[in-house]
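K.L.:
Fold the following and give me the result.
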Amino acid sequence: MENKKIIETIKELNKKLMDPESINLFVDFYERLLSNSSSINDLSSIINLYCLYNPETKEVFISDKKTMNNFTNPNHFVFKVGSELVDLIQENNHCYVAAKDFKSMPLYKTSDRLEVLTFIAKEGMKVFKPIVSDRTSWDDSLILDKAYDQTIPFSILELDQKVEVVAKWLEQVQPGKSKEFFEELDSFGDVKNKLLNFEVKRDALLDDVLRPLYALERLMQKNLISKTEYLEKISEFYELKKNLCIFNQHNVGVLFTWILIGPIYKDQNSNNLSFNMIEKNEFYKNKNDKKPYELEQLSKISKETLIKFLKTVNSLNKEFPGLENSSLKITQPIVEIL
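P.N.:
Residues are numbered from 1 along each chain as shown. From the prediction side, this is the model:
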């Protein structure tokens, strides 16, 4: 379905872009292009241009950037187009002279500036090439990549595709997306429910255990779920999956590390702990060295939740005894709270 929507949108855009009555789109593009460049020679560094389209307002812009002030929403289209509109100024002598004249004109020469821009825009429309609309090129993988890059609208995706894209956005640490970004996404409530039900597929980096649990960890990091819900979900996940032979020394060790350096056990405003510190048992100098921070956080979580989580960690530790040091750092503060 989203494939069809994309193709239809491209056809609609091409029709608009090739319409002589759309010359103002090109006038606007050249005005921004020339006004924002310090010299004509700077234009040679522009390799790609983009067509930005808001399907709700029907606004269209041609730009040398993927985003503009009024085009930052994940429900906008961003199509890459050729650089012929810029190349024209370097290759067409009349357009080159016109562009130089525009740069030298004072701002009060409004009609003269518009005349120059209109001349260049008309020439630009002659060389502008339509957006490629090959149906076969828009497979599911490409659609997901484009949605992740925010170059096609998130809203046109099927629910399972939205879950995959949101999971990837959650996994993105630097630069990460804000809590508000996720909350404003189309169908985010449904996507969040899918993630809370562990309905996200493994990928090349994270397996059937780590992918769904990392999504939960990132939801907690962004205050999209509570610390209580996070621990509840870890326990629930273990109970659902414990007989499927998907847990192993590696993924449980990584999970324990995430817990120890996450916001329940580690103040995120203090210096970051490295993975190696956990591996080398340097999180505490000795077993009895308690940090006030994790006790304060754990005390806000219901005892029922802590008891279930304690049971989960102990069960995993029993199954993988090589992780005793990490599991002890998790369970010891809980035991003290209880």
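K.L.:
going forward, measure contacts between C-alpha atoms and count neighbours the same way
P.N.:
Will do.
K.L.:
I'd like the distance between residue 159 and residue 47.
P.N.:
Per Cα to Cα, to the nearest Å, residue 159 is found 35 Å from residue 47.
K.L.:
the more surrounded of the two?
P.N.:
residue 159 (17 against 12; other Cα atoms under 10 Å).
K.L.:
In contact with the spatially closest residue to the more buried one that is not a sequence neighbour, which residues?
P.N.:
Distances taken as Cα to Cα, 6 or more residues apart in numbering place residue 191 nearest to residue 159, at 6.9 Å, with adjacent residues excluded. Going by Cα atoms under 8 Å, 6 or more residues apart in numbering, residue 191 touches 159, 162, 163, 166.
K.L.:
what's the following helix or strand after the host helix or strand of residue 191?
P.N.:
Assigned by DSSP states H and E, residue 191 belongs to helix 188-196. As assigned by DSSP H and E, the chain's next helix or strand after helix 188-196 is helix 210-221.
K.L.:
what's that following helix in contact with?
P.N.:
Contacts for helix 210-221 (Cα under 8 Å, 6+ apart): 167, 170-171, 195-196, 198-203, 225-227, 230, 233-234, 251, 254-255, 258, 262-263.
K.L.:
Ends of stretch 89-98, what's the gap?
P.N.:
9 Å.
K.L.:
what about the chain, any weak spots by pLDDT?
P.N.:
Scanning the chain for pLDDT under 70 picks out 1-2, 70-72, 133-137, 271-291.
K.L.:
and residue 34, how far is that from residue 91?
P.N.:
The separation that residue 34 has from residue 91, given Cα to Cα, amounts to 16 Å.
K.L.:
Residue 3 contacts residue 138, doesn't it?
P.N.:
Yes: counting by Cα atoms under 8 Å, residue 138 is a contact partner of residue 3 at 6.3 Å.
K.L.:
What residues of stretch 330-338 count as buried?
P.N.:
330, 331, 333, 334 (16 or more other Cα atoms under 10 Å).
K.L.:
Can you flag which of these belong to helices?
P.N.:
Mapping the buried residues of stretch 330-338 onto helices (DSSP state H) picks out 330, 331, 333, 334.
K.L.:
how about the residues you listed in CSV, adding distance to residue 314?
P.N.:
Shown next, in CSV, are those (distance: Cα to Cα, whole Å):
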residue, distance to residue 314
330, 10
331, 8
333, 14
334, 12
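K.L.:
Between those, which sits nearest residue 155?
P.N.:
residue 330 (40.0 Å; Cα to Cα).
K.L.:
which residues touch the closest one?
P.N.:
Residues near residue 330 by Cα under 8 Å, 6+ apart: 256, 259, 260, 313.
K.L.:
so how far is residue 114 from it?
P.N.:
Distance from residue 330 to residue 114, by Cα to Cα: 68 Å.
K.L.:
go on, residue 296?
P.N.:
65 Å.
K.L.:
do residue 55 as well
P.N.:
28 Å.
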